[in-house]
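Q: sequence-free structure coming up:
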């Protein structure tokens with residue numbers, strides 16, 4: 001099946017059920033593609049539900065499916081703990097491989113795998129295999145990590161994460177572009193040898209980096225194919241973020257328009273709106289307006305992620321209700337052909 005180019009106008013036309021009107025390939029510059037967060041957190045994240053949601057999203061024309069990672073949930077005092085959607089999270093690489101086997105068109109995104117917890121060669125081997133079994137559908141979202149206890153558990157120093165990430169990406173590119181490969185750096189070493197099989201996408205799967213600090217955004221512009229936002233990134237912050245990333249790309253001699261801007265839309269569908277609701281929380285009409293704002297601000301892609309809704313992504317949530325909401329969201333915001 002050929003991949004559909006799903007695009008959205010910054011001022012989408014209303015369709016029945018609150019759907020956004022999709023534009024064809026000739027859509028205006030503010031267009032963005034739409035994806036969906038696979039069930040990976042909490043009680044609804046069962047194999048049967050993952051297959052059901054993945055296949056329905058693909059049938060409806062969603063551009064991508066996404067996973068995320070949490071290595072450890074620290075046992076902190078009440079009031080200091082991470083939110084409940086972080087309590088029980090499937091491995092993102094395993095999930096991407098699993099979803100590859102039950103879909104045929106939709107792209108598969110990691111948002112994100114934290115680099116410090118892997119050796120570049122080990123991660124490259126997994127990414128290569130996922131790209132092969134998915135027939136070239138992988139988007140490799142990579143992050144630096146932020147939870148101190150996870151670094152302790154992984155036996156990695158949390159200091160100098162930025163420098164480590166830059167060398168990690170350089171090592172990945174060497175693995176993917178040199179045959180045989182040999183790499184020697186401050187943090188990572190790969191003895192001369194061959195790494196096969198190669199990924200289907202050449203020269204490698206797209207590398208998307210996370211991070212919101214200015215230095216991280218400039219790193220995206222210099223090194224990556226795109227950027228992935230954090231879970232509650234406001235639409236009002238997008239324009240400045242895009243400017244920083246694309247300015248760094250231009251300075252580095254790269255085409256700034258080729259840098260993807262991917263938003264994790266942490267969606268919480270509710271029956272009523274309230275003045276203090278965060279972005280992507282509220283009624284269908286409110287969420288449509290938020291999608292409009294992201295598109296207008298320069299996002300190239302957004303994926304609707306229910307995992308961060310405590311009423312869905314928690315181990316104690318009712319999985320039947322979670323699935324009912326997921327199907328409502330999938331149908332309501334499904335891409336439409338022009």
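A: All right, it came through fine. Remember, predicted model here, so these are calculated numbers, not experimental data.

Q: Please report how far residue 64 lies from residue 245.
A: 20 Å (C-beta to C-beta, to the nearest Å). Backbone N, C-alpha and C define where each C-beta goes, glycine included.

Q: Distance-wise, check residue 75 relative to residue 81.
A: For residue 75, the distance to residue 81 - C-beta to C-beta - is 8 Å.

Q: The two: which has the busier surroundings?
A: residue 81 (13 against 7; other C-beta atoms under 10 Å).

Q: Tell me who's in contact with the more buried one.
A: When contacts are counted by C-beta atoms under 8 Å, 6 or more residues apart in numbering, residue 81 touches 73, 74.

Q: what residue ranges in this structure score low on pLDDT?
A: Low-confidence segments of the chain (pLDDT under 70): 1-30, 337-338.

Q: Which residue lies nearest the spatial centre of it?
A: residue 111 (3.3 Å; C-alpha atoms, centre = their mean).

Q: ok, now which ones touch that residue?
A: Neighbours of residue 111 in contact, by C-beta under 8 Å, 6+ apart: 66, 67, 68, 92, 141, 208, 210, 228, 262, 264, 303.

Q: Can you verify the last one is assigned to a helix?
A: Pointing back at residue 303 there. No: Residue 303 sits outside any helix when classified using DSSP: H, G, I helix; E, B strand; the rest coil, being strand.

Q: what is it paired to in the beta sheet?
A: residue 35, residue 264 (DSSP bridges).

Q: And it, how far from residue 280?
A: With C-beta to C-beta as the criterion, residue 303 and residue 280 are 11 Å apart.

Q: Pull up the overlap in contacts between the two.
A: Contacts common to residue 303 and residue 280, judged by C-beta under 8 Å, 6+ apart, are residue 265.

Q: Tell me the gap between the helix or strand hosting residue 286 and the middle of its chain.
A: Assigned by DSSP states H and E, residue 286 belongs to helix 284-297. How far helix 284-297 lies from its chain's middle: 19 Å, per C-alpha atoms, centre = their mean, to the nearest Å.

Q: packing partners for that helix?
A: Where contact means 3 or more C-beta pairs under 8 Å, 6 or more residues apart in numbering; DSSP states H and E, helix 284-297 is packed against helix 238-251, strand 260-266, strand 301-305.
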